[in-house]
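Visitor: Prediction below, plus the sequence it came from.
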Amino acid sequence: MNHHFTLPNSGHNYDAKASKMGMWLFLYTELILFGGLFLVYMVYRSLNQDAFLLASFNLNVWMGTANTIVLLTSSMTVAMAISALQKGDSKKSIFLLWMTILAALFFLVVKYFEWSAKFEHGLFPGMDHFNQLPNGEKLYFNLYFFMTGLHGLHVIVGGIFIVIVVFKIKSGKVNKDRYQLLENSGLYWHLVDLIWIYLFPLFYLIH
Amino acid sequence: MAPGRLNLDLFVPPILFNSLKMKNQHSIEESHAEHITSYREHFGTWVGLILLTLMTVFISVFGADLRTITVATALLIASVKALVVAYYFMHLKYDPRIYRVLITIVMSLFTVFLIMVILDYLTR
C-alpha cells in the first residue's frame, strides 16, 4: 500500500498568531521611544511655557488639522483594506491600500511645505534666526524638528511597507487565508496615526 | 514534542500523524472564523475621530482665554482618540485578551516613568 501524505501546511512556515504578537511587541518599543520624547517635551515645556507658546505661533494650525484628517482617513482605508481581503475582495483591498499610500504622500507634501517655510525663516537648528532665539524657543524648534522628523520617517517606512503588501497581494502571496502581513502593515500605519494624534495638539494647538 | 505545531521535524507514525492533521485542520478552520470588521463600523469610527479632531481645534482656536484648561482638554481628547484608534482600527476590541493585557502593562510602565519624572522636577 502506498502511503503518501502531504504536510498539513504544504511545507511553508506561516504562523499568523506569532507574527502578530511579534508586530505588537515591536510597536510597544515604538510607544516607549516616542513616550520618552514626550517626557522630554513635558519637562521643557513646563520650564519654558511662554517661549513654547510664542514659538508655536510659527506653525500653521490649518495645515496641521488637514494632516490630522488625512492620517485619520488613511487609517480608515487601511482598516477597510483588511476587511476587504478577509472577505476575499483583493481588488478592493488593493484600491484601498493605494488610497492609503496617496494619503501618506499628501501628508509628506504638506510636511515639505511646512518645513521649507521654517527653512526660509531660518528656524532650523543652526540657522541664523534660530541662533538668535531665546533658549526656550530653541528647545521648542529642536523638539519640533526631531519629533515630527522621526514621525515623518515612520510615515515613509509605513508607506513603503504598504506598497510591498500591495505587490504581495497582486502576486497572491498575501491572500484571503494569509493576510497577516497586511494586518501588520495596518497596525504599523495605525501607530503612525496614533503618535500624530499627540504631536498635533502638543505642537500646533498651544494657545 | 509540541502537539498542535504545524511543522514537526520528528518522525511521526502515520496513525498519530493523521490525528495531528485533523487537529491542525480544525485549528485552521478556527482561524477562518476570525472577526471581520464591517465597512460601516470603520466608517463610524472615522466619523467619531473627525468630530473629536474638529472639537479639539475649535476649543484651541476659539477658547484661547482658558489656557491651562485647553492643554488638559487637548490631551484628554487626544487620549480618547488614541483609545478609539487602538480599540477599533487596531482591532484590540476583538483580539484575544492577552493583547489588551500587554498594552495595559506597557502604558502602566510609561505612567511610572511619567510620575518619576514629575516627582523629580517637583522636588528639585
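Guide: Structure's in. What do you need? Numbering: from 1, shown residues only, chains lettered A, B, ... in the order given.
Visitor: From the contact counts, what lies against the longest helix seen in chain B?
Guide: Of all segments of type helix in chain B, defined using DSSP state H, the longest is helix B:97-122. Counting contacts by 3 or more CB pairs under 8 Å, 6 or more residues apart in numbering or on different chains; DSSP states H and E, helix B:97-122 packs against helix A:16-47. Using the backbone N, CA and C atoms, a C-beta is placed for each residue, glycine as well.
Visitor: and the angle for the helix it packs on with helix B:97-122?
Guide: Using axes from the mean of the first three to the mean of the last three CA atoms, to 10 degrees, the inter-axis angle of helix A:16-47 relative to helix B:97-122 is 20 degrees.
Visitor: how about helix A:16-47, does it reach chain B?
Guide: Yes: residues of helix A:16-47 contacting chain B under CB under 8 Å from any CB of the partner chain: A:16, A:24, A:28, A:31-32, A:35-36, A:39, A:42-43, A:46.
Visitor: ok, then the element right after that helix?
Guide: helix A:49-56 (DSSP states H and E).
Visitor: any idea how far that following helix is from the chain center?
Guide: Averaging C-alpha positions (CA atoms, centre = their mean, to the nearest Å) puts helix A:49-56 26 Å from its chain's average.
Visitor: Flag every buried residue along it.
Guide: Residues of helix A:49-56 classed as buried: A:51-56 (neighbour count, 16 or more other CB atoms under 10 Å in any protein chain shown).
Visitor: ok, so of these, who is nearest chain B?
Guide: Of all the buried residues of helix A:49-56, A:Leu53 has the smallest distance to chain B: 8.3 Å, by CB to the nearest CB.
Visitor: ok, back up a step: ranking the residues of helix A:16-47 next to chain B by neighbours, who comes first?
Guide: Counting neighbours by other CB atoms under 10 Å in any protein chain shown, A:Trp24 comes out on top of those with 20 neighbours.
Visitor: so it touches B:Ile98, yeah?
Guide: No: with contact defined as CB atoms under 8 Å, A:Trp24 does not reach B:Ile98; the gap is 9.3 Å.
Visitor: Let me have the buried residues of helix A:49-56 in TSV, extended by pLDDT and distance to chain B.
Guide: Output for these, formatted as TSV (pLDDT from 0 to 100; distance: CB to the nearest CB, whole Å):
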residue	pLDDT	distance to chain B
A:Ala51	94	15
A:Phe52	93	10
A:Leu53	90	8
A:Leu54	91	13
A:Ala55	93	15
A:Ser56	92	10
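Visitor: Dump the residues of helix A:16-47 next to chain B to JSON lines, plus pLDDT.
Guide: Converted to JSON lines, the residues of helix A:16-47 next to chain B look like this (pLDDT from 0 to 100):
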{"residue": "A:Ala16", "pLDDT": "91"}
{"residue": "A:Trp24", "pLDDT": "97"}
{"residue": "A:Tyr28", "pLDDT": "97"}
{"residue": "A:Leu31", "pLDDT": "96"}
{"residue": "A:Ile32", "pLDDT": "96"}
{"residue": "A:Gly35", "pLDDT": "96"}
{"residue": "A:Gly36", "pLDDT": "96"}
{"residue": "A:Leu39", "pLDDT": "96"}
{"residue": "A:Met42", "pLDDT": "94"}
{"residue": "A:Val43", "pLDDT": "94"}
{"residue": "A:Ser46", "pLDDT": "91"}
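Visitor: Reformat these as TSV; add distance to B:Asp120.
Guide: Formatted as TSV, these follow (distance: CB to CB, whole Å):
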residue	distance to B:Asp120
A:Ala16	43
A:Trp24	30
A:Tyr28	24
A:Leu31	21
A:Ile32	18
A:Gly35	16
A:Gly36	14
A:Leu39	10
A:Met42	12
A:Val43	9
A:Ser46	12
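Visitor: give me the element the residue lying closest to A:Lys170 once chain neighbours are set aside is part of.
Guide: Among residues not flanking A:Lys170 along the chain, A:Ile94 sits closest, at 6.8 Å (CB to CB, 6 or more residues apart in numbering or on different chains). In the assignment (DSSP H and E), A:Ile94 maps to helix A:90-120.
Visitor: go on, B:Val61?
Guide: Short version, using DSSP H and E: B:Val61 is in helix B:39-62.
Visitor: Can you check what angle separates that helix from helix A:90-120?
Guide: In terms of direction (the same axes, to 10 degrees), helix B:39-62 departs from helix A:90-120 by 20 degrees.
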